[in-house]
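In: Give me a 3D structure for the following:
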Amino acid sequence: MALPTKQVTWSIVIHVWLAGAGLYLFARQAVRLGRWASLAAAVIFALSGFLGAQVEHVNQLCASAWLPWLLLCVEGVADAGQQRRARG
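Out: Below is the predicted model of the structure:
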């Protein structure tokens, strides 16, 4: 396998892993699911047809892999705002 082909393959593998890890953390922290439910959600998302269809479009796969992380950040900001309002 040529070097660029290996690099693209590793990029796909890493971004699919990032998508799964991000969704696992989002499910645990924001949705408050248990470990096994969060793991199932992460595996289903990482191996879903949505991400699988983006493998041919590497840039879109790379951007899609960060969606759970973005949602986790938005949830964190919203939670911090609620805590600030509660303190008064």
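
In: all helices for the chain, in order.
Out: 3-29, 35-46, 49-53, 58-64, 67-87 (DSSP state H).

In: got the angle between the last one and helix 3-29?
Out: Think helix 67-87. 30 degrees (axes from the mean of the first three to the mean of the last three Cα atoms, to 10 degrees).

In: in helix 67-87, what counts as buried?
Out: Of the residues in helix 67-87, those buried under the neighbour-count criterion (16 or more other Cβ atoms under 10 Å) are Leu67, Pro68, Trp69, Leu71, Leu72. C-betas here are computed from N, CA, C, even on glycine.

In: How far away from the center of its chain is the worst-scoring helix or strand of the chain on mean pLDDT?
Out: Counting by mean pLDDT, DSSP states H and E, the weakest-scoring helix or strand in the chain turns out to be helix 67-87, with a mean of 87. In this view, helix 67-87 has its centroid 17 Å away from the chain centroid, taken as Cα atoms, centre = their mean, to the nearest Å.

In: next one: stretch 77-88
Out: In terms of Cα atoms, centre = their mean, the centre of stretch 77-88 is set 25 Å apart from its chain centre.

In: Dump that stretch to CSV, restricted to CA.
Out: Coordinates of the C-alpha atoms in stretch 77-88 are reproduced here as CSV (Å, rounded to 0.1, in the frame of the first residue of the first chain):
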residue,chain,number,x,y,z
VAL,A,77,-22.1,25.7,28.4
ALA,A,78,-25.8,25.3,28.9
ASP,A,79,-25.3,23.5,32.2
ALA,A,80,-22.9,26.2,33.4
GLY,A,81,-25.4,28.8,32.6
GLN,A,82,-28.1,27.0,34.6
GLN,A,83,-25.8,26.7,37.6
ARG,A,84,-24.9,30.4,37.4
ARG,A,85,-28.6,31.4,37.3
ALA,A,86,-29.4,29.0,40.2
ARG,A,87,-26.7,30.7,42.4
GLY,A,88,-28.4,34.0,41.6
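
In: Having no further points to raise, I will conclude here.
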